[in-house]
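Peer 1: Here is a sequence together with a model predicted from it:
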Amino acid sequence: MNISSNTSKSYLFRLSIPLFFANIAIPFVGLVDTGLMGHLSNEKYLAAISIATSIITMIFCSFGFLRMGTVGLISQALGRKNYTEITLVFIRNIILALFIGLIIVFFKEPILLLTEHFFKTSVETQALINKYISIRILSAPAELVLYVLAGLYLGLQKTFISSIMISIFCFGNVILSAIFVIHFDLEIFGVAAGTTIAAYTTVIIFLIFSFFLLRNKITVSLTYNKIFNTAKLFKLLNINSDIFIRTICLTFSFLWVTYQGSKLGENYLAVNTLLVQFIMLASFFLDAYAFSTEAVVGYTIGRGAKKSFLEAVNNSFQLSIFSGLIISLIYLFTFRYIINELTDLDYLRFLTFDYIIWILIIPPVASICYQFDGIFIGASQTAEMRNGMILSVIIFISSSHFLVNNFGNHGLWLSLLFFMIIRSITLNYYFNRILKKF
C-alpha cells in the first residue's frame, strides 16, 4: 500500500478530491427525493419525506461510530504498519454493524408508534410517513455495514475507493427511486424501495472487494480468540459508546429542527425541508476535508509525529473555512434557481426565499466544528467529543425555545447557528488533550 504521511495543503486537498464528489452525491440523493415529492399533488408528500427521513437519519446516523471508530483505529494501526490489527478492527465492526442493523429492523413497530406520538400531522401525512419508514428500515444492516466499509477505506487513506462506493450507492438510489416514482407511480414507497435495493447491492460488491484487498496483508491466522479479544473489544466498545452518545445528540439536534418546524405548521416544515438540503449539501462537501483529516491525524499519531499532526490541523482549518466561504458565494447566486427546481408550489417558493440569509451564514461558521470533529475522530479522543456535544445540544435546545417563541422560524435558524458555534468552542477547549498522545 502506498501511504503518504504528507500533511501539506496540497496533499490534504488531493486526498479530499474524491470525497468531494462522493459527498456531493449524498445530499444530491436528498435533493432528488425532495424534488420527486415536491412535484407531487400537495405539500403532504414533502412534510412526510421530511419527518420520515429525519427519523431514519437519526436512527442510522446514531451508529455513525461504526465509521468514525473504524477510521480512527485503522489509521493509527496503519501508522504502526499493523495490517493484522487493521483486518481485526474491520471484522469486529462488520459483526457489530450486522447485529445492530437486525435489532433496528426488529424494533420497526415501536419506532412507528413513537413517530406518531411525537409528530402531530394529518392522517394522510402519517400514513405516508409509516409507508416510507416500513420499507427504508429494512436497509439498516446494509447501510450500517457501509459505514464500516467507509471507515476502512478512509483509515487506509484510500479515499478514491470510498468515494466510488458512496457514489455507486447514491446514484443507484437516485436511478431506482426515479424509476419507481416516475414510471411506476409508487410515490413515497418508490423512494424508500430505491434506497433499500441500492444499499444491499453496494454492500455485496464492496465486501467482496475488501476481502481481496486485505487477504494478502494478514501475517497471522484470524482465530476466534483474536477477533473476540476481550481487551480489544472493551476498547472498541468504549470508543463506540462515546461516539454513539455524541452522534445521538447531533442527529437529535437536526430532528429538533424538524420537530420545531412541525409545531410552526406544515408550511414551515416543508420550507425547512428545502432549506436543510442546502445545509446538508454544504456539510457533506466540507466533511471531505474532515474525513481526510481523520486519516492523516490518526496516521501521524500512530507514528508519533507531533509536528506533522499540527501542520495537518492548521492546513485543514484553512482549506475548510475558505471552502465554506466559496459555498456561501455559490448559494448566493443559485439559491432561487434551486428552490424553483425543487418545488412547483409558489407559496412555498416565496416563503423559502425569506430565509436565504441563514443558508449564506452557516457554511463557513459550521466548517470549523466539522474540522474539529475530524481531528478528534482521528485521534480517537471520543470522551471529549461526547462531553462537548452534550453541552452544545443542551444550550441549543434551551436557546431555541426562547428564540422560536420570539422570532418564529428565523429564531429556529438562529439557534442552529449558535449550535455550530458552541460545538467549535467546546472542542477547542479540549484540543490540548490530544497533544498528550505525543
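Peer 2: It's in.
Peer 1: for the stretch 201-350 of the chain, what spans make up the helices?
Peer 2: In the stretch 201-350 of the chain, the segments counted as helices under DSSP state H, counting those that start in this stretch are 224-227, 230-264, 266-303, 306-342, 346-353.
Peer 1: between these, which gets nearest to residue 380?
Peer 2: Between residue 380 and the helices of the stretch 201-350 of the chain, the tightest spacing by Cβ to Cβ is seen for helix 230-264, at 5.8 Å. Yep, even glycine has a C-beta here, placed from its N, CA and C like the rest.
Peer 1: how about low-confidence regions in the stretch 251-400 of the chain?
Peer 2: Of all residues in the stretch 251-400 of the chain, none has pLDDT under 70.
Peer 1: ok so, going back, of all the helices of the stretch 201-350 of the chain, which one comes closest to residue 110?
Peer 2: Of all those, the one in closest proximity to residue 110, counting by Cβ to Cβ, is helix 230-264 (16.4 Å).
Peer 1: packing partners for that closest one?
Peer 2: When contacts are defined as 3 or more Cβ pairs under 8 Å, 6 or more residues apart in numbering; DSSP states H and E, helix 230-264 packs onto helix 44-61, helix 65-79, helix 83-106, helix 266-303, helix 382-430.
Peer 1: tell me the most buried of those helices?
Peer 2: For the helices and strands packed on helix 230-264, average neighbour numbers computed from mean count of other Cβ atoms under 10 Å are highest in helix 65-79, which has a mean of 27.
Peer 1: pLDDT of that one, averaged?
Peer 2: Per-residue confidence for helix 65-79 averages out to 84 on the pLDDT scale.
Peer 1: Could you give the separation of it from the chain centroid?
Peer 2: Averaging C-alpha positions (Cα atoms, centre = their mean, to the nearest Å) puts helix 65-79 16 Å from its chain's average.
Peer 1: next one: stretch 170-179
Peer 2: Averaging C-alpha coordinates over stretch 170-179 and over its chain gives two centres that are 19 Å apart (Cα atoms, centre = their mean).
Peer 1: in it, what counts as buried?
Peer 2: Along stretch 170-179, the positions that meet the burial threshold by neighbour count (16 or more other Cβ atoms under 10 Å) are 170, 172, 173, 174, 176, 177, 178.
Peer 1: unless I'm mixing things up, residue 412 is touching residue 405, no?
Peer 2: No. If you go by Cβ atoms under 8 Å, residue 412 and residue 405 don't touch, sitting 10.4 Å apart.
Peer 1: how close does residue 125 get to residue 15?
Peer 2: Residue 125 is 43 Å from residue 15, where distance means Cβ to Cβ, to the nearest Å.
Peer 1: ugh, wrong one, residue 169
Peer 2: Summarising the geometry, the distance separating residue 169 from residue 15, computed by Cβ to Cβ, is 21 Å.
Peer 1: Same check on residue 333?
Peer 2: In this structure, residue 333 and residue 15 are 29 Å apart, going by Cβ to Cβ.
Peer 1: neighbour count winner among these two?
Peer 2: Here residue 333 and residue 15 are set side by side on neighbour count (other Cβ atoms under 10 Å), and the busier one is residue 15, at 23 against 8.
Peer 1: nearest spatial neighbour of that one, skipping sequence neighbours?
Peer 2: Once flanking residues are discounted, residue 15 sits nearest to residue 292: 4.2 Å by Cβ to Cβ, 6 or more residues apart in numbering.
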